[in-house]
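> dropping a prediction and its sequence here:
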Amino acid sequence: MNWEEKNVLVTGGNGFLGSRLIEMLKSFNPKSLFSPSSNEFDLRSQENCKHVTKNIDIVFHLAAHVGGIGLNKEKPGELFYDNILMGTYLLDEARKNNVEKFVTLGTMCSYPRDTSQPIKEEYLWDGYPEHVTASYGLAKKMQIVQSLAYKEQYDFDSITVFVTNLYGPFDNFNTNSGHVIPSIISKISNAKKLGHTFVELWGDGTPSRDFLYCDDATKGLILAAEKYDKTEPLNLGSGEETNIENLVKLIMKLMDVNLDIHWNVNMPNGQPRRCVSFEKALQEIGFEPKTSLEEGLKKTIEWFNSSRN
């Protein structure tokens, strides 16, 4: 793909992954790069989706109303409504405006709660998602159904890329709405500042996750846009399964903190296990993660500490 000839739209460009994607895309010198904020164009409006996709060649749809278990527990209806409207309207208007390629960022929350590990793309339709995050996961899953239907009826080129638990500098470190790693880092930091001998964390520490560093995910999205054109989704992950309790201990080690862990078992664990196979992505687009968990955590913690000084 010759990016210098392409007009590119990135939704969610102010977000964690979106901002990284924009920085990487700039190095390819696209003909134009458009990333409106939600204040400028609310993508829950079909008219706004029509406007932002005019004269666009490539769309990266990363905009989402998303957060950790806390937000999913508090606002499941809002998460479903906002995400399904954005995805449905944007894909439809992109088709009408003759966009060449539409890349949707999916979510691992769309996969069944109880599924074999590591997770392969063909497991997507084998069951119901984890209840706590089902509203968000199913809203995003419907975009895949729409993508399949539009390929069949209109031969529209849209793909879905799943990424596992992302982390890295510039993430949302809010303890209520942030994802696993930034939330844990913030809670440990707060406990240390307050002089506590323990840190309280949600669940019981038994779930496992597959953590992918943000820059690896960004490279994967660009490779997918360049090389992938099949309707079946594509997984991007590290291929490594990390237990939450072990993750907490590694983070405390890297932060040079020694606290007892108090697990709040009255709060949900979320999905019991998550580890993905990126074998298909390796075969199809040559994707392979380069950043180890410990290396990525060091970079993330360094940024977190410097941002608070």
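Okay, I see it. This one's a predicted model, so the numbers in the text were calculated from it and none came from an experiment.

> and the gap between the residue of the chain positioned farthest from its centre and residue 44?
Within the chain, residue 195 marks the point farthest from the mean C-alpha position, 33.6 Å out by C-alpha atoms, centre = their mean. Noted for residue 195: a distance of 44 Å to residue 44, by C-beta to C-beta, to the nearest Å. For glycine as for every other residue, the C-beta is placed from the backbone atoms N, C-alpha and C.

> try residue 211
30 Å.

> which of those two has more neighbours?
Comparing residue 211 with residue 44 by other C-beta atoms under 10 Å, the one with more neighbours is residue 211, at 24 against 19.

> for that one, what are its contacts?
164, 165, 166, 167, 180, 181, 238, 240, 242, 247, 293, 296 (C-beta atoms under 8 Å, 6 or more residues apart in numbering).

> now with 6 Å, please.
165, 167, 293 (C-beta atoms under 6 Å, 6 or more residues apart in numbering).

> select from those every entry located in helices.
Judged by DSSP state H, helices contain the following of the contacts of residue 211: residue 293.

> out of the contacts of residue 211, who's the most crowded?
Result: residue 167 is most packed of these (other C-beta under 10 Å), 26 neighbours.

> nearest residue to that residue other than its sequence neighbours?
Excluding the flanking residues, the one nearest residue 167 by C-beta to C-beta, 6 or more residues apart in numbering is residue 181, at 4.0 Å.

> what pLDDT does the one you found get?
The model reports residue 181 with a pLDDT of 95.

> tell me how many other residues surround it.
With other C-beta under 10 Å as criterion, residue 181 counts 25.

> that one looks like it's in a helix, true?
Yes - applying DSSP: H, G, I helix; E, B strand; the rest coil, one finds residue 181 inside a helix.

> ranges for the strands of the stretch 1-150 of the chain?
Assigned strands in the stretch 1-150 of the chain, in chain order: 7-11, 32-34, 58-61, 101-105 (criterion: DSSP state E, counting those that start in this stretch).

> quick check: which of those strands is buried the most?
Most buried of the strands of the stretch 1-150 of the chain, by mean neighbour count (mean count of other C-beta atoms under 10 Å): strand 58-61, with a mean of 26.

> contacts for stretch 50-70 next, please.
Residues contacting stretch 50-70 (C-beta under 6 Å, 6+ apart): 6-12, 17-18, 36, 41, 43, 79, 82-83, 86, 90, 93-94, 97, 99-105, 132, 176-179, 183, 268, 270.

> so where do the helices sit in the chain?
16-26, 46-52, 69-74, 76-96, 134-154, 180-193, 214-227, 244-254, 279-285, 293-307.

> among these, which comes closest to residue 121?
helix 279-285 (5.9 Å; C-beta to C-beta).

> pLDDT score for residue 225?
In this prediction, residue 225 carries a pLDDT score of 98.

> how far away is the residue nearest to it when sequence neighbours are not counted from residue 52?
Nearest residue to residue 225, sequence neighbours excluded (C-beta to C-beta, 6+ apart): residue 103, at 5.1 Å. Separation of residue 103 from residue 52 (C-beta to C-beta): 15 Å.

> over to residue 262?
For residue 262, the distance to residue 52 - C-beta to C-beta - is 46 Å.

> look at the two and report which has more neighbours.
The neighbour count for residue 262 versus residue 52, taken as other C-beta under 10 Å, is higher for residue 52 (20 against 13).

> what residues are bridge-paired with the most centrally placed residue in the chain?
The centroid of the chain falls nearest to residue 163 when counting by C-alpha atoms, centre = their mean (5.4 Å). Beta-bridge partners recorded for residue 163 (DSSP bridges): residue 236.
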